[in-house]
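**Q** task: produce atomic coordinates for the following.
(2 chains)
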Amino acid sequence: MRKIKVLTAAFGVISMAMFGTAAEAQNYPDRPVTMIVPWAPGGAADIIARLVAEPMGKALGQPVVIENRPGAGGTVGSAVVAKADPDGYTILMGNVASEAIAPAFYADTIPYKVLEDFAPVTQLIQQPSVLLVSKDFEFDNVKDLMAFAKENPGELYATPGVGNSPYLTFELIKDNYDVDMENVPYDSGAEVNNALNAGDVQIAINNLPEAIKAIQAGIAKPVAVTAAERNPLLPDVPTFVESGGDKIVAISWQGIFAPAGTPDAIVQKLYEATAAALKDENVVQRNKELGSVPVGSTPEEFKAFVASEIENWAYMVKLAGASAPK
Amino acid sequence: MDLFNQILGGFATATTPHNILFCFIGVTIGTFVGVLPGLGPLAAIALCLPITFYLDPTTAMIMLAGIFYGAQYGSSTASILLNIPGTASAAVTCLDGYPLTQKGQAGVALMITTLTSFAGGTMAIVLVMGLAPVISAFAMNFSSAEYFSVMLLGLVAASTLSIGSPIKGMTMVVAGLALSMIGTDKYTGEFRFTGGILDLAEGVSLVALSIGLFGVAEILSSFAGKGPVLLNASSVRLRDMLPTRTQLKQAILPTFRGMGIGSVIGAMPGAGPALASYLAYVAETQVSKNPEKFGKGAIEGIAAPEAANNASVQTAFIPTLTLGVPGDVVMAVLIGALMIHGITPGPDFISSHGDIFWGLAASFWIGNVLLLVLNIPLIGIWVRMLAIPPRILYPIMLVFVCIGVYSIRNSIFDVYIMLVFGVVGYVLALFRYPAPPLLLGFVLGPLMEQHLRRALLLGRGDPMTFLYHPISAIFLAICLVLILRSLPLGPIVQKLRARQTHRVDIE
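**A** Predicted coordinates:
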């Protein structure tokens, strides 16, 4: 008798849960959506998040509120979303660092598995890194530069820090051309530019917005971009693929994730809202200024992309020989 | 003429009622976060940043910058009254500020730091306005070798702080450097000395350390019966807060020197107000005719560092805005605030966004005047705090600092760290080991390590690179002079000679 009661109760709960979800998805969203940015205010991820939040909110009919939860390379905020209720009211502005590099870099120490704990929604934008040389440097194409590096082992190059995407991309370059070069890590892309300007280093890799500043200020010459295609802001700069380094494709990206288990209908709604946001006039204009290429992939495409990214960056992390101790 | 018009334009922007209001809000928030130990400008600016998304970029910068320099005004208050620095840069103000309070001159001390803060800040603004491009070009010549050497100078200076033995000072600097090694190695991403504790992955929290060493240690020593000097409310009339003519005279030259040192240090990205105030203090002890009065309530000992740290936070905007290189985390957040509005600071910032630059620079002046007007009446209120009996004041403060430290990272671990360093600080005080050099070593440690390693990389591993850079060589020479002057070499030399003769005798 008691068993039956329990069963009925269980059935009741399950069916309520199912119908409840369906109804929830239909009414979604009926309150503000929180978008967790796992980085400090003012960073690249924060800027794109605040940029799309407004038009996204318009498309959803409810405001999208930004909450910064920085710490430990973006993993603190990501973990918050991984553990959040999968109801579409807590979503994540994830990026290459926290969702593709960190899983390889920190291996088992991060409290989430990207592919298991998240429902990827869409990739918003992508940006390449740019290989630069200082303005007076002789070798300004990939072939000559790499030949020079090969002849002069131990040549220095500047990166905007250790563990980020430009740094790891350079590991890929070194591996691909089999050159022995010495990294001089700086604290930011702006410092890399200053080092080029002051003549401390002649070769550098930088993220796109900073690289463009250096090129415009005339303190550096672009050598190649690391995306598969040329960047609209640097139409004359070849890719590595064109220059014979076909394996060198490494970009940084930003994308939206929901917790795993979020109903498909809600993921779809979020995807449609971001797709609309990417077409917003202000967003289009600002992306152009920042050199970000809008992507707007579907949830399925994004899921496949993230899976391949995790593999790519894990390979680069292995090349760098760097991983956090267990 | 052109410059003059631009400055006028800047004032026109800064004096709109809207901008004055936000400037006032900024400096008021800044004063309070500066006064409260544990809360710093970084936390306040990060909290206010999302609000500024809805403001005009100039207004946003005026308000956020106000928090930053406002905090420097407030930070000396707790140093002077309670021997607890509001921010790391005010730790050095404890050295002479607290003895003044013990002599019953808290009001005078606060009045002097308010005036010198104003003087240091306003004079530095002249530099920002007139010489920003020149200064940033000069700062550009500083590569890692120079940075390392100037920071070394700061540490040597801190360890030779004339109070007590230089050996003790140096021990504390080294202890600070050692503590700063805990955390992630910036060059490899490896964890160092964390003992497997993930909470230490980002290092020991600066706030937890400084509040522990100073604040909690002070509270502990009050339990041991060494409370602060109680004041009766009658001694806080304005008349008692006014410095005497002699005291003012004593403050004038140190204020100028502090301003000069602070302006130069501020213009160097990364050096920071803490280094500025230490160097200014040590410079005073070196030029003074009676260095023995430092640490016992010397007016020069509070005037110079306060002028220096206020000057440095103003000139810190020069590299931030003209090079896009943030001097510290606070400046990095300010750059972020501009970037949210689609403005990237860089070499063309003044020409392409002159309205923001001149409006901001003009607002510094207005902000400093507002701070002066705001802080003078507050002095009376702060001094009255001393009338609260310690058995009530200290437990309340303990609660406040715990909340403050916890709130930074929502981490109970940091509260434990604070308590541990409280005990350490108390023991150190018992044995007369000065805590400020430890704090400076801790603040500068990571930067020095980075610049040392980078300078060696760029110099291809040759340590002589520090001497090949002329500016760096000069700093190192000053270090050597400071060390030689402070070491009791006489007896050692005698001992060595004695030993040598001894050896000869044996042979």
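**Q** and B:F400, how many residues sit next to it?
**A** 16 (other Cβ atoms under 10 Å in any protein chain shown). The way it works is simple: take the backbone N, C-alpha and C, and place the C-beta from them, glycine included.
**Q** host element of it?
**A** helix B:390-409 (DSSP states H and E).
**Q** now do the buried residues in the next helix or strand after that helix.
**A** Downstream of helix B:390-409, the next assigned helix or strand under DSSP H and E is helix B:412-430. Using 16 or more other Cβ atoms under 10 Å in any protein chain shown as the test for burial, helix B:412-430 gives B:414-415, B:417-419, B:421-422, B:424-426, B:428-429.
**Q** helix B:412-430 packs against which elements?
**A** On a contact count with 3 or more Cβ pairs under 8 Å, 6 or more residues apart in numbering or on different chains; DSSP states H and E, helix B:412-430 meets helix B:206-210, helix B:217-223, helix B:390-409, helix B:435-458.
**Q** including distance to chain A, could the ones you listed go into JSON lines?
**A** Below are those laid out as JSON lines (distance: least, Cβ to the nearest Cβ, whole Å):
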{"stretch": "helix B:206-210", "distance to chain A": "15"}
{"stretch": "helix B:217-223", "distance to chain A": "28"}
{"stretch": "helix B:390-409", "distance to chain A": "7"}
{"stretch": "helix B:435-458", "distance to chain A": "5"}
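**Q** could I get those as JSON lines with mean pLDDT?
**A** Formatted as JSON lines, the helices and strands packed on helix B:412-430 follow (pLDDT from 0 to 100):
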{"stretch": "helix B:206-210", "mean pLDDT": "85"}
{"stretch": "helix B:217-223", "mean pLDDT": "83"}
{"stretch": "helix B:390-409", "mean pLDDT": "81"}
{"stretch": "helix B:435-458", "mean pLDDT": "88"}
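**Q** for the buried residues of helix B:412-430, which one is nearest B:L209?
**A** B:F421 (5.4 Å; Cβ to Cβ).
**Q** identify the residues contacting that closest one.
**A** B:208-209, B:211-213, B:216-217 (Cβ atoms under 8 Å, 6 or more residues apart in numbering or on different chains).
**Q** can we see that at 10 Å?
**A** Residues counted as contacts of B:F421 (Cβ atoms under 10 Å, 6 or more residues apart in numbering or on different chains) are B:179, B:204-205, B:208-217, B:428, B:435, B:438.
**Q** show me which pair in the residues you listed is furthest apart.
**A** B:S205 and B:L428 (18.8 Å).
**Q** list phi and psi for whichever residue of the stretch 151-300 of chain A sits closest to chain B.
**A** As assessed by Cβ to the nearest Cβ, chain B sits closest to A:A190 within the stretch 151-300 of chain A, at 4.2 Å. With angles defined as degrees, to the nearest 10, A:A190 sits at phi -60, psi -40.
**Q** now B:L444: how far from B:L428?
**A** Separation of B:L444 from B:L428 (Cβ to Cβ, to the nearest Å): 19 Å.
**Q** pLDDT weak spots in chain B?
**A** B:1, B:38, B:139-140, B:161-164, B:225-240, B:487-507 (pLDDT under 70).
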